[in-house]
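K.L.:
please find the sequence and the predicted model below.
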Amino acid sequence: MLPYDPSVLTYVQAFRVNLNYAYSNYYKDGILPRDLLGGWDKDSRKNNVEGMFMFSYVTQYALFATYL
């Protein structure tokens, strides 16, 4: 694991705000959309979400908990 670099804190916090916004506004049935700012598409056929997105969101929350 690479060492934590405090110079990137501003960018990490901005991403955390983005992820928290999506969780507060678009979390549905245990899933977040791929578009964290725009949310779910009105056309439900365009709302396919792959597991890799969910796993990456969980990982990002774990890293926030570790470093922030």
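P.N.:
That came through fine. Given the structure is predicted, the values throughout are model-derived calculations rather than measurements. Residues are numbered from 1 along each chain as shown.

K.L.:
out of the helices and strands in this structure, which is least certain?
P.N.:
Across the helices and strands of the chain, the lowest-confidence element by mean pLDDT, DSSP states H and E is helix 51-67, at a mean of 89.

K.L.:
which other helices and strands contact that one?
P.N.:
If you count contacts as 3 or more Cβ pairs under 8 Å, 6 or more residues apart in numbering; DSSP states H and E, helix 51-67 packs onto helix 9-26. (C-beta placed from N, C-alpha, C; glycine too.)

K.L.:
mean confidence for the helix it packs on?
P.N.:
Across helix 9-26, the average pLDDT comes to 93.

K.L.:
what residues of that helix count as buried?
P.N.:
Under the neighbour-count criterion of 16 or more other Cβ atoms under 10 Å, helix 9-26 has 12, 19, 22, 26 buried.

K.L.:
roughly how far does the first one sit from residue 44?
P.N.:
Spelled out, it's residue 12. The gap separating residue 12 from residue 44 is 33 Å, by Cβ to Cβ, to the nearest Å.

K.L.:
now swap in the third one and tell me
P.N.:
Summarising the geometry, the distance separating residue 22 from residue 44, computed by Cβ to Cβ, is 18 Å.

K.L.:
tally of neighbours for residue 40?
P.N.:
17 (other Cβ atoms under 10 Å).

K.L.:
on that earlier part again, looking at the buried residues of helix 9-26, which two lie furthest apart in space?
P.N.:
12 and 26 (20.9 Å; Cβ to Cβ).

K.L.:
circling back: what would the buried residues of helix 9-26 look like in JSON lines with distance to residue 35?
P.N.:
Converted to JSON lines, those look like this (distance: Cβ to Cβ, whole Å):
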{"residue": "12", "distance to residue 35": "20"}
{"residue": "19", "distance to residue 35": "12"}
{"residue": "22", "distance to residue 35": "8"}
{"residue": "26", "distance to residue 35": "8"}
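
K.L.:
circling back: what angle do the least confident helix or strand of the chain and helix 9-26 make?
P.N.:
On the basis of axes from the mean of the first three to the mean of the last three Cα atoms, to 10 degrees, helix 51-67 is oriented at 130 degrees to helix 9-26.
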